[in-house]
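K.L.:
Got a sequence here, can you model it:
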Amino acid sequence: MKRKFQKLIPFLILALLVLSLSGCNGSSSSYNINSDTTTDDTTTEDDTTTSGGSATITTETDSDGRVITKIVLSTSSTSSVNVAANSIKNYDCVWNIASDKGEYWTYNGNTYNDEQELQDAMGIDDSGVYIAHDVRYVPNTLNFSGTASKATDDNEQCKVAYYSESLAGSSNYILAAIPTDRSEYLSNMVHSASDAYNNPVLHITKPGHYALSGTWNGQIWVDIPDESVTSGVDTEDDSNAQVVLILDNLTVKCNVAPALVFKNVYQCASDIDTSSEVSALMANDKYSIGAKLSDGTKDYAGAIILLSAGSTNSLTGTNVARMNKLKINEDDGYTTSNVGQYVKAQKKLYKLDAALHSRQSLIIGNDSTTDGTLNITSTNYEGFGSELHMLIDSGKVNITAADDGINVNEDDVSVFTQTGGTLTITSTYGDGIDSNGYVSLKNCTLNITAGQSKQNSAGEAGIDAEKDVTIDSTVNYTWTASSNSGGGTAPGNGDNPPALPGQQQ
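P.N.:
The predicted structure follows:
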């Protein structure tokens, strides 16, 4: 009997080892490597393991049946923000931009012009989550032309200073356009490579629910590659490409770019192009959490932020001013030395205006019946921006912005909707809410302190919309001119609905 038991010992040890590696539970796994750790089975020789913080990642199924990826971030100080490698791998990869080739990445001694090729080279694991030092920003190494020569809009609210680089065979190429504060360009909108490196990026590249907590001195970047979820389907058209971020006492501060960016997720209601469809969206028939289409199916936004019960969350960031990329006809005779002769066009590459910026429609709400709080601070420009639609469903959202508190910017199409919760906006130089389309408010509380015009002492608007503004009787709306606004904006001239103080149409 004793000899039989001795024979079983190796198998028992192996079984215990397997159980320990699997977390002893089929629905949960956990990894944690502190900053002092230098190597482990998940780390390759290309990963960096520098001191300054730690990161943990776990997966579990909650009581509602949701599979949650929990990410806990920690940085020890604002000056030491490089996070140690663990199961969330940390790649020593950096981003840059140049006039002759647009954006590019350097990693492990190689240069990549395509981000998917870069990720393939890095070997991103199945978690779809990784850390790199590749924040997009406007480098201070670009050549500043020295003049602010072009107004950004008909009202000349602000001017633009150009960064440019010479190309062989042509005059200057406009690589970046920096808004100015009255007469001088905003030098704090450009940054050094070392500052950018010290704002690492937490990348999320797969759909799912992610619960984020802790402190992160860098950026969170959500970008699901096209055709990566459903073969042959671009991400914006793929209803499976949805990312839900559950914020549970999360603090993010980025000094060179937005704190949180949704770059590529599913775009719900993308086919809205008629007034009746816009009206349906404003009535939340297609857009709000839990809403259904006429056939009974749900059409949620691809970008959703949920606030954990009782949590206080903070996003502090700045903007990335417009940067262009070359469109080149590489015909016979084209070489890198005469690239300027073959420039076909200059096309927008990045323009990330807000501390929280989404290129697709975005929803904010509570994760339960108890309010959570989200504080958004923009150090340079807008607080909260969407390039299409935006909905605040519930929760407490406080925005402090240098320019507009909220901006939705698709001309004659975008809709900002608030159907619940409390929204408080304080702007220094901008509107409270600026919509290039519509605004719809009901069953909510809205407090706005509008800013002063950049060009004169006139106040900006509490609500400024190009199209209709709908505010029903259930809304508790207060508007205040800021202390430096010179008295504020007169009521708007729209008739649908009757204008409230600080409202423009």
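
K.L.:
least trustworthy helix or strand in this structure by mean pLDDT?
P.N.:
When the helices and strands of the chain are scored by mean pLDDT, DSSP states H and E, strand 29-33 comes last with a mean of 27.

K.L.:
Now the element after that one, going C-ward?
P.N.:
Once the chain leaves strand 29-33, the next helix or strand it forms, by DSSP states H and E, is strand 53-61.

K.L.:
can you give me the helices in the stretch 251-400 of the chain?
P.N.:
275-282 (DSSP state H, counting those that start in this stretch).

K.L.:
measure stretch 433-444 end to end?
P.N.:
Counting by C-alpha to C-alpha, to the nearest Å, you get 15 Å between the two ends of stretch 433-444.

K.L.:
Can you give me the buried ones in that stretch?
P.N.:
433-442, 444 (16 or more other C-beta atoms under 10 Å). Every residue, glycine included, has its C-beta placed from N, CA and C.

K.L.:
from these, which is closest to residue 350?
P.N.:
Using C-beta to C-beta, residue 436 comes nearest to residue 350 of the buried residues of stretch 433-444, at 19.1 Å.

K.L.:
quick one: that closest one from residue 64, how far?
P.N.:
36 Å (C-beta to C-beta, to the nearest Å).

K.L.:
likewise residue 450?
P.N.:
Residue 450 is 40 Å from residue 64, by C-beta to C-beta.

K.L.:
Who has more neighbours out of those two?
P.N.:
Ranked by neighbour count (other C-beta atoms under 10 Å), residue 450 and residue 64 place residue 450 first, with 31 against 8.

K.L.:
where does that one land on pLDDT?
P.N.:
With respect to pLDDT, residue 450 scores 82.

K.L.:
Quick check, it in contact with residue 463.
P.N.:
No - the criterion here is C-beta atoms under 8 Å, and residue 450 misses it with residue 463 at 9.0 Å.

K.L.:
Please state the backbone phi and psi of residue 414?
P.N.:
Per-residue torsions, residue 414: phi -60, psi 140 (degrees, to the nearest 10).

K.L.:
Next, the contact list for it, please.
P.N.:
386-390, 408, 435-438 (C-beta atoms under 8 Å, 6 or more residues apart in numbering).

K.L.:
okay, these in TSV with distance to residue 233 and pLDDT next?
P.N.:
Below are those laid out as TSV (distance: C-beta to C-beta, whole Å; pLDDT from 0 to 100):
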residue	distance to residue 233	pLDDT
386	22	92
387	20	90
388	19	86
389	21	86
390	24	88
408	26	92
435	30	91
436	28	90
437	27	87
438	29	85
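
K.L.:
Report the two of these separated the most.
P.N.:
387 and 438 (15.1 Å).

K.L.:
If we only consider the buried residues of stretch 433-444, which is nearest to residue 104?
P.N.:
Among the buried residues of stretch 433-444, and counting by C-beta to C-beta, the member closest to residue 104 is residue 436, at 32.2 Å.

K.L.:
got a list of what that closest one touches?
P.N.:
407-414, 466.

K.L.:
If any of those are buried, give me the PyMOL selection for them.
P.N.:
Typed into PyMOL, the next command selects the buried ones out of these (criterion: 16+ other C-beta under 10 Å):
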select buried, resi 407+408+409+410+413+414+466
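
K.L.:
Any chance of a markdown table for the contacts of residue 436, columns secondary structure and distance to residue 141?
P.N.:
Below are the contacts of residue 436 laid out as a markdown table (DSSP: H, G, I helix; E, B strand; the rest coil; distance: C-beta to C-beta, whole Å):
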| residue | secondary structure | distance to residue 141 |
| --- | --- | --- |
| 407 | strand | 29 |
| 408 | strand | 33 |
| 409 | coil | 29 |
| 410 | coil | 33 |
| 411 | coil | 34 |
| 412 | coil | 38 |
| 413 | coil | 37 |
| 414 | coil | 35 |
| 466 | coil | 38 |
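
K.L.:
Would you indicate which residues of stretch 350-366 are buried?
P.N.:
Result for stretch 350-366 [16+ other C-beta under 10 Å]: buried residues 350-366.

K.L.:
From those residues, which land in strands?
P.N.:
Using DSSP state E, 350-352, 354-358, 362-366 are the members of the buried residues of stretch 350-366 that sit in strands.

K.L.:
so can I have TSV of these showing distance to residue 335 and pLDDT?
P.N.:
As requested, these are exported to TSV (distance: C-beta to C-beta, whole Å; pLDDT from 0 to 100):
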residue	distance to residue 335	pLDDT
350	27	88
351	30	89
352	33	93
354	40	95
355	42	97
356	43	98
357	37	97
358	40	95
362	44	90
363	49	88
364	50	91
365	54	89
366	58	91
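
K.L.:
Pick the one among those residues closest to residue 215.
P.N.:
residue 355 (16.1 Å).

K.L.:
my guess is that closest one contacts residue 375, does it?
P.N.:
No - Residue 355 is not in contact with residue 375 according to C-beta under 8 Å; the separation is 10.2 Å.

K.L.:
what is in contact with these two at once?
P.N.:
By C-beta under 8 Å, 6+ apart, the residues touching both residue 355 and residue 375 are residue 315.

K.L.:
Could you find the closest non-adjacent residue to residue 346?
P.N.:
With sequence-adjacent residues excluded and distances taken as C-beta to C-beta, 6 or more residues apart in numbering, residue 346 is closest to residue 324, at 4.4 Å.

K.L.:
My guess is that neighbour contacts residue 176. True?
P.N.:
Yes - the pair residue 324 / residue 176 is scored as a contact, 7.1 Å apart, by C-beta under 8 Å.

K.L.:
between those two, which one's more packed in?
P.N.:
A count of neighbours by other C-beta under 10 Å puts residue 176 above the other of residue 324 and residue 176, at 26 against 22.

K.L.:
Now do the SS call for the closest residue to the more buried one other than its chain neighbours.
P.N.:
Leaving aside its sequence neighbours, residue 176 sits nearest to residue 163 (C-beta to C-beta, 6+ apart; 4.0 Å). Classification of residue 163 by DSSP: H, G, I helix; E, B strand; the rest coil places it in strand.

K.L.:
Pull the number of nearby residues for residue 163.
P.N.:
25.

K.L.:
how far away is it from residue 466?
P.N.:
30 Å.
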